[in-house]
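Trainee: Compute the structure for the input listed below.
(one chain, ligands or ions: 3)
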Amino acid sequence: MNTHETTTPSPTRATTPVGATVLGYPRQGRGRRLKKAVESHWKGRTGADELLATGADLRRERWQDMADAGLSEVPVGDFSYYDHVLDTTLLLGAAPARFDELPTGGSPADRLATVFALARGTTDQPPLEMTKWFDTNYHYLVPEIGPGTTFTLHAADLLAQVAEARALGLDPRPVVVGPLTYLSLAKADEPGSDFDPLTLLDALVPVYAELLGALAAAGATWVQLDEPVLVLDQPVEVLDALTRTYTALAAVPTRPRLLVASYFGPLGEAAPVLAALPVEGLAVDLSTAPGADTRGATLTALHAAGPDLAGKRLLAGVVDGRSVWRTDLQPALDVLAGLRPLVGSLDVATSCSLLHLPLDLTTETSIDPEVASWLAFARQKLDEVVVLATGAEHGPEAVAGPLAEVAAARASRQASPLVVRPAVRDRVTAVGGADTRRAGTAEGRRRRQQERLGLPLLPTTTIGSFPQTDELRRARAALRRGELDETAYDTAMRAEVDRVLTLQTELGLDVLVHGEPERNDMVQYFAEQLDGFLTTEDGWVQSYGSRYVRPPIVVGDVERPAPMTVGWSSWAQQRSEQPVKGMLTGPVTMLAWSFGRDDLPAADTAAQVALALREEVLDLERAGIAVIQVDEPALRETLPLRRAERPGYLAWAVRAFALTTAGVGEDTQVHTHMCYAEFGEILDAIIAMDADVISLEAARSRMEVVDDLVRADYPHGVGPGVWDIHSPRVPTVEEVVESLELALRGGVPAERLWVNPDCGLKTRGYAEVEPSLRVLVEAAGIVRRRLATTVPAGV
Ligand SMILES: CN1c2c(nc(N)[nH]c2=O)NC[C@@H]1CNc1ccc(C(=O)N[C@@H](CCC(=O)N[C@@H](CCC(=O)N[C@@H](CCC(=O)O)C(=O)O)C(=O)O)C(=O)O)cc1
Ligand SMILES: N[C@@H](CCS)C(=O)O
Ligand SMILES: [Zn+2]
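Mentor: Numbering: from 1, shown residues only. Ligands and ions are numbered 1, 2, ... in the order given. Modelled structure (predicted):
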């Protein structure tokens, strides 16, 4: 029983109002309308005004969803054409000086062009760096801040959206990234500088103060300042800075009421500081996780805050904004009943923005109705917060219907044969230490593999995918609609593999890939073939900019009914004299980019997926594939936000990778790939994964990762990305040569340096891919020739 249920009710209990709200909502609209409008604009097919009109329409539609569900106060400003952190950079007039010539004033169309220039780069300027948003699969554009950065308010677009919502009769609650979070997520504008953007906090606060005045004048009664950095481990100086900042903002004479929103985890040491801020409202994450008491710690802190909370508005995030599972209503009602006496007003809320969920379950036509009854997407979560608010305000009798429905759904799930597969559980239990230990030493394996593969110094390769052309996607869509049969589809994909192999041979690449044309997505493709995963037709979630994914849902225990990639890989290998890499998505990434179970710890699902993939790896090896890449881009991304939880996570994540790959012989070369920077903290884990070669993102962060690897004595091959594939820009030969020489000078031995892009090429077009790969091959040749004159032969 939850101890907080026993709290003595205060005299205000019966009258404390209970509302319902969400911290944010998906942007894309039904049928991913935003993506299509943005990409059409980029292709020059539609003008800015048309895109702006679509944006306005989409904002109306999302507010309408909220109004239909019974919400009257709506978030405003969480909509974005590309990324809300980028929008905040422009709101604060903090675009890097290298973009100074771009307009921040002018017309909305001018400002839209500025947004896209910063996001995608221009012919002379690279774009802002992109990185993951906390531990989600959403990516934001990193603010670049330096000692010379000045802040000025540019709130026209936000104010216009406030007016839009008011014109619809809604109560707008502007949502803005808070000053502490904004600067904490920024990086120094000079590479290598140790400037800490947070030192500019006091210079930034007056701009937020001005913004508050402008929002009040525009009729906003509340403003939500998002401070998710509060759920990270924070030193006392940062918590002091929080108090200083919000004390200053609270002193603004005419302003909306301030709601400080924390999310993505329990508050820990920030809880009493947040509760004591002189603001009118707080939002806290009260979601739960299997095998961890994430809710309890925050509840205890809220109860301990006592008088600090009295009179405040509390948004209690009992509806998990990142989980697709239907909320268990009764425990949530119990929590709400315990909180109600503590506060001035209570809102049932989502734990975070619903940006990370698919929009609407009702558009799914092929999910079994029984399974659908277990699930809730963003639109359904709106109903959940409203039901819970009714139950919290009027008692469980008032929501007897939904309570009974949820209880029935939970019972059906517990009894379903889809959920627990005893044979899978037995296989996981039988795993022993030897199953996760690779034979041989790093150096011994390198020699055996080199004898088998005969590669030149600085071998060139790519990360796996080649452009997913409209033609390929159209063919897959036609297959889905039944307009193309399996044989014709297969023939089209094989022709594409042939084209990609021929191109790579012509370009002179050393280790080839088949190009992944048959894959809709690197996670979904495998999820569609594994038992235990459920995939959606329309469950799109924004990953970055105009790119979306459909995260699969882990419904039950996972197993592999049949080989998944062996046919494609062995066919491609037969078509080439050169090694063609087998290409799999690793267990941690499969899990990180899916919606996990709420009834089994992630470590257990990871072990199940690893066993399924191990069978695939061994089948590939038996089919003669000499190089097998197991991508783990999400391994860094899912690192727990709190330091104390990291060792436990890294232990099961590394074990899952090792379980997947360690069964192969010494002369089979295992590659892994991670396309994010900031590896410092997980270097030991990367070493422990014991892959023979790792390719990493490095281009936008100017090869910083190389220093980390060298310092850690990384014993394996390394391919630091020398071409930033997130931008359409073609690198120059000089740049790539310089990057490679930087890696060599940094201490990567020449015989262990690989030449590759940052990530797969699926999002790029051939217009950029061909010249860029040509540049890579040419640059590798130049550096090889230079090495030949300085390195003794036979190394
Ligand atoms: C490496 N990354 C990935 C992440 N997460 C993943 N799950 N997968 C990843 O690859 N996280 C971190 C990064 C993020 N990067 C990307 C990069 C690219 C995309 C992307 O291109 N997404 C595509 C959708 C891909 C897909 O599922 N394609 C399907 C469906 C195609 C489609 O749109 N069909 C249309 C109809 C088309 C027609 O009729 O002609 C439709 O269904 O409406 C396929 O190829 O079959 C995107 O479009 O955004 C994402 C993350
Ligand atoms: N093999 C995948 C990895 C992306 S992270 C690709 O090339 O797209
Ligand atoms: Zn990648």
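
Trainee: beta partners of residue 755?
Mentor: In this structure, residue 755 bridges to residue 460 when assessed by DSSP bridges.

Trainee: Wait, it touches residue 456, no?
Mentor: No - between residue 755 and residue 456 there is no contact under CB atoms under 8 Å: 10.2 Å. For the C-beta atoms, the positions are set from N, CA and C on the backbone; glycine is no exception.

Trainee: higher neighbour count, those two?
Mentor: For residue 755 versus residue 456, the count of surrounding residues by other CB atoms under 10 Å is larger for residue 755: 29 against 10.

Trainee: ok, now how distant is that one from residue 500?
Mentor: Between residue 755 and residue 500 the distance is 18 Å, computed by CB to CB, to the nearest Å.

Trainee: Could you do residue 226 as well?
Mentor: In terms of CB to CB, residue 226 sits 43 Å off from residue 500.

Trainee: Of these two, which one has the most company?
Mentor: Neighbour totals were compared for residue 226 and residue 500, and residue 226 leads with 26 against 23 (other CB under 10 Å).

Trainee: residues contacting the more buried one?
Mentor: Counting by CB atoms under 8 Å, 6 or more residues apart in numbering, residue 226 makes contact with 23, 175, 176, 177, 178, 181, 261, 263.

Trainee: What residues does the closest residue to ligand 2 within the chain make contact with?
Mentor: Nearest residue of the chain to ligand 2: residue 760, at 2.1 Å (CB to the nearest ligand atom). The neighbourhood of residue 760, defined by CB under 8 Å, 6+ apart, consists of 462, 463, 464, 465, 516, 522, 725.

Trainee: May I have the beta-bridge partners of the fourth one?
Mentor: Counting by DSSP bridges, residue 465 is bridged to residue 515.

Trainee: hang on, residue 229 packs against residue 184?
Mentor: Yes - using CB under 8 Å, residue 229 is in contact with residue 184, at 4.5 Å.

Trainee: Which one's more surrounded, the two?
Mentor: Higher neighbour count among residue 229 and residue 184: residue 229, with 23 against 20, using other CB under 10 Å.

Trainee: burial measure for the residue in the stretch 151-300 of the chain positioned nearest to ligand 3, as a count.
Mentor: Closest contact between the stretch 151-300 of the chain and ligand 3, by CB to the ion, is at residue 187 (20.4 Å). A count of nearby residues for residue 187, using other CB under 10 Å, gives 19.

Trainee: Distance check, it against residue 563.
Mentor: From residue 187 to residue 563 the distance is 43 Å (CB to CB).

Trainee: helix or strand for the residue nearest to residue 213 when sequence neighbours are not counted, which one?
Mentor: Using CB to CB, 6 or more residues apart in numbering and skipping residues adjacent in sequence, the residue nearest residue 213 is residue 254, 5.8 Å away. Here residue 254 is covered by no helix or strand, with elements defined by DSSP states H and E.

Trainee: Show me where the stretch 1-150 of the chain has its strands.
Mentor: Using DSSP state E, counting those that start in this stretch, the strands of the stretch 1-150 of the chain run over 18-21, 73-76, 130-132, 139-141, 144-145.

Trainee: Pipe the ones you listed into CSV and attach mean neighbour count, distance to ligand 2 and mean pLDDT per row.
Mentor: Below are the strands of the stretch 1-150 of the chain laid out as CSV (neighbours: other CB atoms under 10 Å; distance: least, CB to the nearest ligand atom, whole Å; pLDDT from 0 to 100):
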stretch, mean neighbour count, distance to ligand 2, mean pLDDT
strand 18-21, 23, 36, 97
strand 73-76, 24, 31, 97
strand 130-132, 21, 12, 89
strand 139-141, 23, 12, 96
strand 144-145, 24, 25, 98
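
Trainee: how about those strands in JSON lines, adding distance to residue 645?
Mentor: Compiled in JSON lines, the strands of the stretch 1-150 of the chain are given as follows (distance: least, CB to CB, whole Å):
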{"stretch": "strand 18-21", "distance to residue 645": "29"}
{"stretch": "strand 73-76", "distance to residue 645": "29"}
{"stretch": "strand 130-132", "distance to residue 645": "17"}
{"stretch": "strand 139-141", "distance to residue 645": "22"}
{"stretch": "strand 144-145", "distance to residue 645": "29"}
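
Trainee: Which one of these lies nearest to residue 165?
Mentor: Residue 165 lies closest, by CB to CB, to one member of these: strand 73-76, at 5.1 Å.

Trainee: Residue 108 reaches residue 52, doesn't it?
Mentor: Yes - under the criterion of CB under 8 Å, residue 108 makes contact with residue 52 at 5.5 Å.

Trainee: The two: which is more packed in?
Mentor: When residue 108 and residue 52 are compared for neighbours, residue 52 comes out ahead with 19 against 16, by other CB under 10 Å.

Trainee: ok, that one - contacts?
Mentor: Residues in contact with residue 52 (CB under 8 Å, 6+ apart) are 108, 109, 112.

Trainee: Any part of stretch 528-535 near ligand 1?
Mentor: No - Stretch 528-535 lies out of reach of ligand 1 by CB under 6 Å from any ligand atom, never closer than 10.0 Å.

Trainee: still on that earlier bit, confidence score at the residue of the stretch 151-300 of the chain closest to ligand 3?
Mentor: Confidence at residue 187, expressed as pLDDT, is 95.

Trainee: Spatially nearest residue to it, not counting backbone neighbours?
Mentor: Per CB to CB, 6+ apart, closest to residue 187 is residue 142, 5.3 Å.

Trainee: now residue 74, which residues is it bridged with?
Mentor: Under the criterion used (DSSP bridges), residue 74 bridges to residue 172.

Trainee: So it sits against residue 64, correct?
Mentor: No - shown here, residue 74 and residue 64 do not form a contact pair, counting by CB under 8 Å, at 9.7 Å.

Trainee: Assign residue 366 to helix, strand or coil.
Mentor: coil (DSSP: H, G, I helix; E, B strand; the rest coil).

Trainee: Ligand 1 contacts on the stretch 501-650 of the chain?
Mentor: Residues of the stretch 501-650 of the chain found near ligand 1 (CB under 6 Å from any ligand atom) are 520, 521, 522, 523, 543, 547, 548, 549, 550, 593, 633.

Trainee: The residues you listed also near ligand 3: which ones?
Mentor: Applying CB under 5 Å from the ion to these, one finds that residue 633 fall near ligand 3.

Trainee: taking the residues of the stretch 501-650 of the chain next to ligand 1 one by one, which sit in strands?
Mentor: 543, 547, 548, 549 (DSSP state E).

Trainee: For those, which single residue is the most surrounded?
Mentor: residue 549 (20 neighbours).

Trainee: hey, what's that residue bridged with?
Mentor: residue 541.

Trainee: Just the pLDDT for it.
Mentor: 97.

Trainee: residue contacts, residue 355?
Mentor: 24, 25, 26, 27, 78, 138, 541, 542.
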